[in-house]
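Asks: Quick check, what structure comes out for this input:
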Amino acid sequence: GGAWLHRDVIVLPHAAAYDAYSYAKAVHVSQAGAAHPPPLLASEAPPGHPAEEERLWPRLRRMVGECLRAAGPRLIPPEGERCPRSVLFSVLAFDVQLDAWGVPWLLEVNSHCAVASGTMSHVRVEVYTGLVRDVVSLLVLPAVDGLPPELGGFEPLPGVFDTC
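Replies: Sure thing, here's the model as predicted:
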């Protein structure tokens with residue numbers, strides 16, 4: 001088993017500046033607001049942006065790894081309860097909010113990702129095409145056709161499921 005984090009981190013900017021005392025949806029996590037900026041990838045964030053990939057990536061790797069380590073025993077069935085030929089995997093979406101210093105705070109983990117729908121409907125289609133291609137190349141083709149796994153945009157999170 002293993003755990004991987006995909007480099008295509010989708011950033012959804014707020015439509016309005018954050019205000020802890022505001023009830024306006026455009027100020028908080030929602031995609032509300034007529035003049036909402038389009039989503040971008042962390043790799044496209046301008047220098048100095050809180051989601052700048054160089055700053056964000058190590059923090060996300062640590063946060064996601066810690067979450068998966070904590071949940072690992074509940075995510076993977078015990079050895080005797082699974083088919084030895086099975087390949088189990090999940091694509092999880094980690095929703096985080098960045099504070100003013102670029103520190104990610106976990107909001108929720110989705111096991112049914114909103115791929116290309118809802119708040120994610122404005123993300124470029126090639127982002128999702130790449131994610132699906134990379135999942136197939138990393139997990140599906142090696143299990144079905146015996147091909148060597150290819151990481152694509154994924155990076156391994158070593159040691160996450162070592163105790164499961």
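
Asks: wouldn't Pro77 be in contact with Pro84 here?
Replies: No: counting by CB atoms under 8 Å, Pro77 sits too far from Pro84 to count as a contact (11.9 Å). Yep, even glycine has a C-beta here, placed from its N, CA and C like the rest.

Asks: what about the two, which has more around it?
Replies: Neighbours were counted for Pro77 and for Pro84 using other CB atoms under 10 Å; Pro77 has more, 12 against 5.

Asks: Which residue, neighbours along the chain excluded, lies closest to Pro148?
Replies: Pro142 (6.6 Å; CB to CB, 6 or more residues apart in numbering).

Asks: hang on, that neighbour is in a helix, isn't it?
Replies: Yes: under DSSP: H, G, I helix; E, B strand; the rest coil, Pro142 sits within a helix.

Asks: all helices in this protein, in order from the N-terminus.
Replies: 53-75, 125-135, 141-145 (DSSP state H).

Asks: Format those as CSV; extra columns: mean neighbour count and mean pLDDT.
Replies: Output for the helices of the chain, formatted as CSV (neighbours: other CB atoms under 10 Å; pLDDT from 0 to 100):
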stretch, mean neighbour count, mean pLDDT
helix 53-75, 15, 89
helix 125-135, 14, 92
helix 141-145, 12, 92
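
Asks: Any idea how many residues pack against Leu151?
Replies: 13.

Asks: contacting residues around the closest residue to it other than its chain neighbours?
Replies: Of all residues not flanking Leu151 in the chain, Leu138 sits nearest, at 6.2 Å (CB to CB, 6+ apart). Contacts for Leu138 (CB atoms under 8 Å, 6 or more residues apart in numbering) come out as 4, 149-152, 154.

Asks: quick one: which of those residues is nearest to Ser90?
Replies: Lowest distance from Ser90 to the contacts of Leu138 (CB to CB) belongs to Trp4, with 11.3 Å.

Asks: what residues are up against that closest one?
Replies: Counting by CB under 8 Å, 6+ apart, the residues that Trp4 touches are 138, 151, 154-157.

Asks: which residue sits farthest out from the middle of this structure?
Replies: Of all residues in the chain, Gly80 sits farthest from the chain's C-alpha centroid, using CA atoms, centre = their mean; the distance is 29.9 Å.
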